[in-house]
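# Sharing a sequence plus its predicted fold:
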Amino acid sequence: MSRIGKLQIPIPENVKIELNGQIIHVSGPYGKLFRKIPDLILLEVNTNSINVKKNINTRIANQLYGLTRTLINNMIIGVSQKFNRRLQLEGVGYRAQLVNKDLVLNLGYSHPVIIDIPIGIDIKVEKNGGIIITGFDKELVGQLAATIRSKRPPEPYKGKGILYDGEIIKRKVGKSGKK
């Protein structure tokens, strides 16, 4: 049984919750999100909290129980506070810049890599090679960060590439010379 699913979800004062059948709408100062809740899950919306319950006790219901609670909690946090993800460019000549609504990356290839920025996501480029991705949808922020990172993942010999902030790359020893 999920311990996370049992926890109540607190609702901040600036967040509004609407439940239409199995679709939950969450709106706050930064945006609006909605999600369809599986039929095996019930939601009890109170004035300042949400309780997640199971309709029937099956294996699939147990799996969806904690997941649903976490997804709804992330929606509430996103529309009230926003999520952010930091990336760091490591390598000689690696640069990032914003051009119109696109992120242009120079990553040592013969061509610049252009990434479209989705609606609802803000990107800020720092002077020291940092990229800050902010948005109210945690899934979208994480997916964009993973897409950017996949263009030049960090390599273990020199440590070059795009790293998440605070990520440590285990370095490998290169080839040794002949004796």
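Great, that's in hand. Residues are numbered from 1 along each chain as shown.
# Against which helices or strands is the longest helix along the chain packed?
Across the chain, the longest stretch assigned as helix under DSSP state H is helix 59-81. Secondary-structure packing of helix 59-81 (3 or more Cβ pairs under 8 Å, 6 or more residues apart in numbering; DSSP states H and E): helix 3-6, strand 9-10, strand 23-28, strand 31-36, strand 41-45, strand 49-54, helix 138-150. No exception for glycine: its C-beta is placed from N, CA and C like everyone else's.
# Hey, what's the angle from that helix to strand 23-28? Just curious.
Interaxial angle, helix 59-81 versus strand 23-28 (axes from the mean of the first three to the mean of the last three Cα atoms, to 10 degrees): 20 degrees.
# that older thread, would you list the helices and strands packed on helix 59-81 in CSV and tack on mean neighbour count, distance to residue 84 and mean pLDDT?
Putting these into CSV (neighbours: other Cβ atoms under 10 Å; distance: least, Cβ to Cβ, whole Å; pLDDT from 0 to 100) gives the following:
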stretch, mean neighbour count, distance to residue 84, mean pLDDT
helix 3-6, 13, 23, 83
strand 9-10, 16, 21, 92
strand 23-28, 18, 16, 94
strand 31-36, 15, 14, 94
strand 41-45, 15, 28, 91
strand 49-54, 17, 24, 92
helix 138-150, 17, 7, 95
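# Lovely, talk soon.
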